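*Asks:* what would the 3D arrangement of this be:
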Amino acid sequence: MTEESILSLISENVTSEAFGIWFLIGAALVFFMQAGFAMVETGFTRAKNAGNIIMKNLMDFCIGTVMFILIGFSLLLGEDVMGLIGKPGFDIFSSYENFDFSSFVFNLVFCATTATIVSGAMAERTKFLSYCVYSAVISGLIYPIEAHWIWGGGWLAQMGFHDFAGSCAIHMVGGISALIGAKLLGPRIGKFEKDKNGKVVKVKAIPGHSLTIGALGCFILWFGWYGFNGAAATSGPQLGSIFLTTTVAPAVATVVCMIFTWVKYGKPDVSMCLNASLAGLVGITAGCDVMDAFGAIMVGVVSGLLVPFGVWLLDYKLHIDDPVGAVAVHMMNGIWGTLAIGLFATSSAPGYSIPADASAEEFTALNGLCYGGGFELLGRQALGAVSVAAWTAVTITITFLIIKAVIGLRVTAHEEVVGLDIEEHGIESSYSGFVMAVDTEAYAEAGEPVPVESAVPVETYKPSKTTDAAVASEGPKYTMVSIVCKQNKFEPLKKALADIGVTGITVTQVLGCGTQRGAAEYYRGTPVEPSLLPKVKVEVVVCKVPVETVVNTARKALYSGHIGDGKIFVYNVEDVVRVRTGEVGYDALQDSE
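*Replies:* Okay, here's the model as predicted:
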């Protein structure tokens with residue numbers, strides 16, 4: 001061998017080893033996406049179910065691992081049987097020394113993702129046992145068989161169908177399962193208001209308890225997606241191109257969704273923009289290796305519009321309750337991403353691998369419709385999407401119906417209202433001992449849409465004679481001021497009252513909601529309805545301190561301009577008696593020496 005050939009061989013071996021290591025690093029990134037899914041789902045749902053959701057996302061992977069060992073891996077990557085399934089086997093036990101360790105781990109973390117998607121759409125009302133059962137079926141049967149068609153040498157792979165990282169095999173399958181599961185399960189209590197005939201007449205928003213946690217999950221998922229899409233790259237230029245498309249598509253989708261919701265609802269919707277980032281990632285997943293920047297932009301534009309459309313379609317037309325937007329993000333954009341290859345695939349992308357004839361010995365590239373390739377590739381992609389969708393719909397429907405008949409899918413109404421943390425897991429609260437003492441709302445500045453007079457109304461207030469001169473000439477005037485406000489406003493209110501000389505207060509924890517609407521607020525395109533919320537009622541009786549001063553001080557301390565700032569009630573008091581000393585009237589209200 002010549003020196004040049006030796007150097008070339010060394011270079012190839014080093015490159016192969018480097019990408020083999022990157023392959024496993026990518027698998028680790030995909031595993032870390034489980035944390036992202038857990039955070040998105042937890043943040044977009046209510047705090048009383050947080051522990052249940054964390055547990056389900058944990059068990060997705062653990063149950064999936066067991067099922068993948070027992071049957072899933074061999075069905076996916078075993079010896080092909082008629083292009084339909086892999087031959088079942090136990091090579092992981094019988095031939096461990098020759099086993100493909102890397103391929104097992106890589107395909108396992110992808111398998112777990114499919115089951116995780118279903119969890120979000122069925123959140124807050126699914127029995128934990130039922131969840132474990134259908135998660136096992138997805139990981140052990142439904143996903144491995146259709147993935148074999150695409151990646152295991154099955155009939156779709158032989159036809160030239162392309163899904164590089166799983167828009168179809170993972171996200172569309174998970175999204176369809178989520179849609180059917182949410183439909184069979186029914187909506188959360190309070191999501192839809194019906195008339196006496198059972199017709200839905202109003203859609204109600206049920207906001208998640210922490211957009212902050214949801215946003216953290218979104219960023220974790222985006223970060224992990226570089227491994228999700230890029231792990232199978234085999235060259236530096238191909239990996240760079242995949243990273244580019246994986247960045248451009250979600251960014252464009254988010255911008256498009258922000259603009260759309262801003263125009264549609266008057267304000268950019270935070271939760272749907274987070275969904276749009278994930279939608280762009282789902283949309284580009286299938287074709288991340290065969291598209292250029294233009295293709296990624298077009299995928300992002302459509303993905304950004306599919307999110308608000310999908311949320312609206314499920315809420316207002318199909319009346320299916322999907323708390324986290326799993327169907328809009330994964331099913332709709334999984335379908336879109338699969339078909340988009342038939343439009344925007346271009347052989348200018350590094351490592352392009354879509355053949356015009358999959359059976360030909362010599363490779364000839366087939367471009368998408370927009371790059372002069374005609375409708376052939378689009379037809380292939382459509383056939384693959386329809387076939388996988390049909391397999392998924394039939395098998396997951398059968399699975400859910402059997403579970404529903406045998407052990408039931410849904411928790412009782414009592415369990416749902418109380419929360420699945422306490423009912424399913426015996427956890428009083430996932431935030432035990434944590435008190436929200438910090439006010440996250442900023443005080444109003446110039447231009448705030450709701451004036452203080454409307455935000456903190458005063459009932460039956462009339463200025464009273466409370467000066468020392470008035471007390472001497474006309475007798476004392478006693479007034480009770482009752483202030484109902486948010487819990488996190490109590491400390492600022494107490495300090496403000498103390499600053500004007502009001503130190504005697506009575507505090508009661510109450511539940512309530514007001515009739516005043518204030519500035520319109522939307523959550524995922526649905527108006528937020530008032531509901532019973534924890535409040536604090538602060539009562540003070542004043543004589544020396546002017547009532548007007550107390551009222552204005554309380555208003556200033558409570559005002560933020562949002563719905564639920566509070567209300568102030570003013571009552572006349574006939575007399576006051578101090579129990580310890582027997583003092584009455586004006587003297588009873590003064591500080592003791």
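*Asks:* quick one, phi/psi of residue 580?
*Replies:* Dihedral angles of residue 580 (phi, psi; degrees, to the nearest 10) stand at phi -70, psi -40.
*Asks:* neighbours around it, how many?
*Replies:* By other C-beta atoms under 10 Å, the residues close to residue 580 number 7. (Each C-beta comes from the backbone N, C-alpha and C, glycine too.)
*Asks:* ranges for the strands of the stretch 151-300 of the chain?
*Replies:* 192-194, 200-203 (DSSP state E, counting those that start in this stretch).
*Asks:* could you do the stretch 451-593 of the chain as well?
*Replies:* Under DSSP E, counting those that start in this stretch, the stretch 451-593 of the chain gives strands at 458-459, 478-486, 506-512, 522-523, 526-527, 533-542, 566-573.
*Asks:* how about CSV for the ones you listed, with distance to residue 19, mean pLDDT and mean neighbour count added?
*Replies:* Shown next, in CSV, are these (distance: least, C-beta to C-beta, whole Å; pLDDT from 0 to 100; neighbours: other C-beta atoms under 10 Å):
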stretch, distance to residue 19, mean pLDDT, mean neighbour count
strand 458-459, 70, 55, 14
strand 478-486, 55, 90, 21
strand 506-512, 59, 86, 12
strand 522-523, 44, 76, 19
strand 526-527, 47, 80, 16
strand 533-542, 54, 88, 18
strand 566-573, 61, 90, 18
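*Asks:* now mean pLDDT and distance to residue 386 too, for the strands of the stretch 151-300 of the chain, in JSON lines please.
*Replies:* Below are these laid out as JSON lines (pLDDT from 0 to 100; distance: least, C-beta to C-beta, whole Å):
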{"stretch": "strand 192-194", "mean pLDDT": "91", "distance to residue 386": "31"}
{"stretch": "strand 200-203", "mean pLDDT": "92", "distance to residue 386": "30"}
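*Asks:* is residue 357 in a helix, a strand, or coil?
*Replies:* coil (DSSP: H, G, I helix; E, B strand; the rest coil).
*Asks:* residue 323 now?
*Replies:* Taking three-state DSSP, the label given to residue 323 is coil.
*Asks:* that one touches residue 185, doesn't it?
*Replies:* No - counting by C-beta atoms under 8 Å, residue 323 stays clear of residue 185, with 11.4 Å between them.
*Asks:* which residues are in contact with each of those two?
*Replies:* Common contacts of residue 323 and residue 185 (C-beta atoms under 8 Å, 6 or more residues apart in numbering): none found.
*Asks:* neighbour count: these two, which is higher?
*Replies:* Ranked by neighbour count (other C-beta under 10 Å), residue 323 and residue 185 place residue 323 first, with 24 against 21.
*Asks:* phi and psi next, for that one.
*Replies:* Dihedral angles (degrees, to the nearest 10) for residue 323: phi -60, psi -30.
*Asks:* ok, it - contacts?
*Replies:* With C-beta under 8 Å, 6+ apart, residue 323 has these contacts: 41, 44-45, 120-121, 123-124, 188, 206, 208.
*Asks:* out of the residues you listed, which are inside strands?
*Replies:* Counting by DSSP state E, no part of these is found in strands.
*Asks:* ok, and the most crowded of those?
*Replies:* residue 121 (31 neighbours).
*Asks:* what sits closest to it if chain neighbours are left out?
*Replies:* Distance criterion C-beta to C-beta, 6 or more residues apart in numbering; nearest residue to residue 121, sequence neighbours excluded, is residue 178 at 3.6 Å.
*Asks:* check which helix or strand residue 112 maps to.
*Replies:* Element membership for residue 112, per DSSP states H and E: helix 101-121.
*Asks:* poorly predicted segments of the stretch 401-550 of the chain, please.
*Replies:* 433-475, 514-521, 530-531 (pLDDT under 70).
*Asks:* an error on my part: the question was meant for the chain.
*Replies:* 1, 3-14, 433-475, 514-521, 530-531, 563, 589, 591-593.
*Asks:* remind me, longest helix of it?
*Replies:* In the chain, assigned by DSSP state H, the helix with the most residues is helix 3-43.
*Asks:* list the helices and strands it packs on?
*Replies:* Helices and strands touching helix 3-43, by 3 or more C-beta pairs under 8 Å, 6 or more residues apart in numbering; DSSP states H and E, are helix 50-67, helix 101-121, helix 211-230.
*Asks:* right, so of those helices, which gets closest to residue 571?
*Replies:* Closest approach to residue 571 among the helices and strands packed on helix 3-43 is made by helix 211-230 (39.2 Å; C-beta to C-beta).
*Asks:* my guess is residue 218 contacts residue 44. True?
*Replies:* No - using C-beta under 8 Å, residue 218 is not in contact with residue 44; the gap is 10.1 Å.
*Asks:* ok now stretch 294-314, how far from the chain's centre?
*Replies:* 16 Å (C-alpha atoms, centre = their mean, to the nearest Å).
*Asks:* same check, this time on stretch 21-29
*Replies:* Using C-alpha atoms, centre = their mean, the offset of stretch 21-29 from its chain centre is 25 Å.
*Asks:* CA atoms of it as PDB?
*Replies:* Output of stretch 21-29 as PDB, limited to C-alpha atoms (Å, rounded to 0.1, in the frame of the first residue of the first chain):
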ATOM      1  CA  ILE A  21     -19.200   8.400  19.000                       C
ATOM      2  CA  TRP A  22     -21.400  11.200  17.800                       C
ATOM      3  CA  PHE A  23     -24.100   8.700  17.100                       C
ATOM      4  CA  LEU A  24     -24.200   7.700  20.700                       C
ATOM      5  CA  ILE A  25     -23.900  11.300  21.900                       C
ATOM      6  CA  GLY A  26     -26.900  12.100  19.700                       C
ATOM      7  CA  ALA A  27     -28.800   9.200  21.400                       C
ATOM      8  CA  ALA A  28     -28.000  10.700  24.800                       C
ATOM      9  CA  LEU A  29     -29.400  14.100  23.600                       C
END
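*Asks:* which outside residues touch it?
*Replies:* 102, 105-106, 109, 223-224, 226-228, 230-233, 239.
*Asks:* and of those residues, the nearest to residue 405?
*Replies:* Distances from residue 405 to these, taken by C-beta to C-beta, are shortest for residue 109, at 32.4 Å.
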